[in-house]
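1. Fold the following for me, if possible:
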Amino acid sequence: VDACTGLKEHFQGQRRQSIHVSKIMTPSYNVARALLRDATRASLRCSTSAVRFGYVGGVGRSTIVRQPLPPSSCLNIHFHPFSSAVQVEDVSSKQSPDGSPKLDVAPNETSEDSPLPRQKTSEVKISEVLKRKHTHRWVEPVISKDATVREAITLCIEGKLNGMMVVDRSETIKRQTITELKQKCVGLITSRDLLRMMAGKIKDGKSSEEVLNDKISKQMTPINQVIYGRPDETIGMCRAIMAKLGIKCLPILSEGRVEGILTGRDMSDFYFDATDRGGKKNYLRDVSERVGLTTDTSMAEPPVFVMQHLALKHDPLYLNVGVAEYPHPFKSADGIGSSRRNFGPQDLATDPDLSEDAHFLSEVELFDESGTNLQKLLYMGVADGVGSWREYGVDPREFSHKLMGECENILHEASSQCGIHGGKHCSMISPAELLAQSYERTKEANVIGSSTACVALFDSVHHQLHFSNIGDSGIIVLRHIDSDVASALQRNQKTPRTERKSDLRIAYVSQQQLKSFNHPYQMGWTGEEIVEDDSSFKQASDSCTSSVHILRGDMIIMATDGLFDNVDIEDIASIALQWEQESGFIDGGGITTRNKRWASGDSRTDISAQSIPKLADILCQKARENSLDNTIDSPFAMLAKENDIMWSGGMPDDCTVVAMHVVGKHSNELPP
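-> Here you go, the predicted structure:
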């Protein structure tokens, strides 16, 4: 606006030799200076000029078109506030039939020859990013499934690739009169997968030759688990997907073909030309003042709040656990009612034996990864039997209960064998492996049915929670994060600091897996193997497997969909905070008093062990209360509406909650 005012004075004849920046400058000196420079050049080149701003190659540039226009017309043309250069365009050859100059484009219009309108990076379509990437440098991002780790590493380095599609070249197809090798995609391998594969083999004592000569097909992501994008999606959308899922490479799929593999660098590089990278100017601006570290450079000490946690790094952590299980409110021994009226006047169901949910909780001693030290490990899991099996005369409870029961049996058998066979035969069992073994035993017993499943392992020594999840059960981690030291994303930015009641944050939410709305993936058995690609049945190897670093004071909630469909995660956090305050763990909403109490050795572990079952029960009660309320918009109802399904109120269902409180001292109280 200031620069426009300066130009207006020139157009009205109030010319000055110079306009002092301080007279009209905005708070940003550089912006005002750049605008005035452009305006001054315009006034010096012609008495009346139209200033048109366009975007060439993604960089904003102003273009001055020499032509007599009324001052008002010139001022109506939009000024871009961050103009960095002025280009003079000769329009003498562009005359209208009457001989007068004419504008190439109207102020608010564009033509094929005019510069492109401004477009945010986040709104650029991925097809444009791939087109630019492949134009500059084409490397086919594929590798044979029979290739070795050595070959994959070589291809990554030489081709500057972060990921490659793994293809099966053994099949041939005939297209018209030409027989071609069909590059059928069977998986995806990334540089991170290769590093993980090498680290695992080295840890197992394999030689370097054995590691490098191993086949990549053993570590690749199977094709049915590959997350992909589409060419018509935008940079912003793909960035969000990659950040949420923690992936570095995103294959772009179009009409059944992989058009390319998108990486974070591809999206960052989109708006940079060769002129933006090379040359003296760019070197002086970007490199010269930030290249090279001095010989006395050292690492900074961690922040104070990190030091407090590091001081506890070598001290083991423990879990106090509480479990609550409520059946569907309209369930009886004779069946399940579709509504309160259909169920009848009797009291709502409370017998947990009626529930199709199942759970287990088991503390065992197994050898650690070294195979030399026995370590106490706490395993827990929940499973939600699929009720639609009732239509086929199958009890939905049998499969989920058998699956969880076998998990517990496998752990106790492994623990009992530790003293006989040694560490190599009874080492720590991962949640995915435990699920796989339990599933095989369930199949061998020919138990018909299916269920979702979530199994977790708490490693008290390394402060890690490892879990594998199939379907719509899941885990959330609640943590107190000091607002004064939290990152921008972890702060509560919606509520003013003076009005905040606590610093409890949702630190982690596990990913759920659904085929479609209200249709989760599941583990199941029909009496025979199902080989359909689009089946709802999944193996343990298809589970969402991850690990979360746990801190003292965290609260971990593992539950079936009966909780998450009816109680919003923010409400779960509020209930957990209220439980902390009533139990005396948190004074008000802060953690200052708690930290002082820890420092004095007062952990209140026994109080935690006695009261944690209450938290699980309160959450189950809240889920049931919301499921019977037709006036609220439950998480299930909101998701239903997003999928064009009319639904109001909650979703009556079985509900199982395993609530865990992370403490610094061990308690002998473990729920049954």
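
2. shaky segments in the stretch 501-650 of the chain?
-> Scanning the stretch 501-650 of the chain for pLDDT under 70 picks out 501, 533, 588-590.

3. next one: the stretch 351-500 of the chain
-> In the stretch 351-500 of the chain (pLDDT under 70), the answer is 370-371, 419-425, 482-500.

4. can you give me the helices for the stretch 101-250 of the chain?
-> Assigned by DSSP state H, counting those that start in this stretch, the helices in the stretch 101-250 of the chain fall at 126-136, 149-159, 191-203, 208-212, 235-245.

5. Let me have these in JSON lines, adding distance to residue 452 and mean pLDDT as columns.
-> Backbone N, C-alpha and C define where each C-beta goes, glycine included. Listed next are those as JSON lines, based on distance: least, C-beta to C-beta, whole Å; pLDDT from 0 to 100:
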{"stretch": "helix 126-136", "distance to residue 452": "33", "mean pLDDT": "90"}
{"stretch": "helix 149-159", "distance to residue 452": "35", "mean pLDDT": "92"}
{"stretch": "helix 191-203", "distance to residue 452": "27", "mean pLDDT": "87"}
{"stretch": "helix 208-212", "distance to residue 452": "36", "mean pLDDT": "89"}
{"stretch": "helix 235-245", "distance to residue 452": "20", "mean pLDDT": "91"}
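
6. Those: which one's closest to residue 356?
-> Smallest distance to residue 356 across the helices of the stretch 101-250 of the chain (C-beta to C-beta): 30.0 Å, for helix 235-245.

7. In the chain, where's the longest helix?
-> Longest helix of the chain, by residue count under DSSP state H: helix 605-627.

8. Now the next helix or strand after it - C-alpha only, CSV.
-> Note on helix 605-627: by DSSP states H and E, the next helix or strand toward the C-terminus is helix 635-642. Coordinates of each C-alpha in helix 635-642 appear next as CSV, following Å, rounded to 0.1, in the frame of the first residue of the first chain:
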residue,chain,number,x,y,z
PRO,A,635,-16.7,-40.4,17.0
PHE,A,636,-18.6,-43.3,15.3
ALA,A,637,-21.4,-41.0,14.2
MET,A,638,-19.1,-38.3,12.9
LEU,A,639,-17.1,-40.8,10.9
ALA,A,640,-20.4,-42.3,9.5
LYS,A,641,-21.6,-38.9,8.3
GLU,A,642,-18.2,-38.3,6.6
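
9. hang on, residue 165 packs against residue 216?
-> No - using C-beta atoms under 8 Å, residue 165 is not in contact with residue 216, being 11.5 Å away.

10. Need the residues touching each of these two.
-> Shared contacts of residue 165 and residue 216, defined by C-beta atoms under 8 Å, 6 or more residues apart in numbering, comprise residue 143.

11. Please identify the helix or strand for residue 534.
-> Going by DSSP H and E, residue 534 is not in any helix or strand.

12. Give me the number of neighbouring residues for it.
-> 6 (other C-beta atoms under 10 Å).

13. Tell me who's in contact with it.
-> residue 515.

14. From residue 224, how far out is it?
-> Shown here: residue 534 relative to residue 224, a distance of 9 Å by C-beta to C-beta, to the nearest Å.

15. now the strands for the stretch 151-300 of the chain?
-> Here the stretch 151-300 of the chain has its strands, by DSSP state E, counting those that start in this stretch, at 163-168, 172-175, 178-181, 184-190, 221-222, 249-254, 257-263.

16. Any idea which of the helices of the stretch 101-250 of the chain gets closest to residue 266?
-> Across the helices of the stretch 101-250 of the chain, closest to residue 266 is helix 126-136 (C-beta to C-beta), at 5.3 Å.

17. Counting by contacts, list what that closest one packs against.
-> Other helices and strands packing on helix 126-136, by 3 or more C-beta pairs under 8 Å, 6 or more residues apart in numbering; DSSP states H and E, are helix 235-245, strand 249-254, strand 257-263, helix 264-269.

18. Give me the buried stretch members for the first one, please.
-> Residues 235, 237-239, 242 are the ones in helix 235-245 that count as buried (16 or more other C-beta atoms under 10 Å).

19. Kindly report the same for the third one.
-> For strand 257-263, the buried set under the neighbour-count rule, 16+ other C-beta under 10 Å, comprises 258-263.

20. so for it, what's the average pLDDT?
-> For strand 257-263, the mean per-residue pLDDT is 92.

21. now it, how far from the chain's geometric center?
-> From the chain centre to the centre of strand 257-263 is a distance of 20 Å (C-alpha atoms, centre = their mean, to the nearest Å).

22. Output it in CSV with nothing but the alpha carbons.
-> Output of strand 257-263 as CSV, limited to C-alpha atoms (Å, rounded to 0.1, in the frame of the first residue of the first chain):
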residue,chain,number,x,y,z
ARG,A,257,0.9,-48.7,-13.1
VAL,A,258,3.5,-47.0,-10.9
GLU,A,259,4.4,-43.8,-12.6
GLY,A,260,7.3,-43.0,-10.2
ILE,A,261,8.3,-42.9,-6.6
LEU,A,262,7.9,-39.6,-4.8
THR,A,263,10.2,-38.5,-2.0
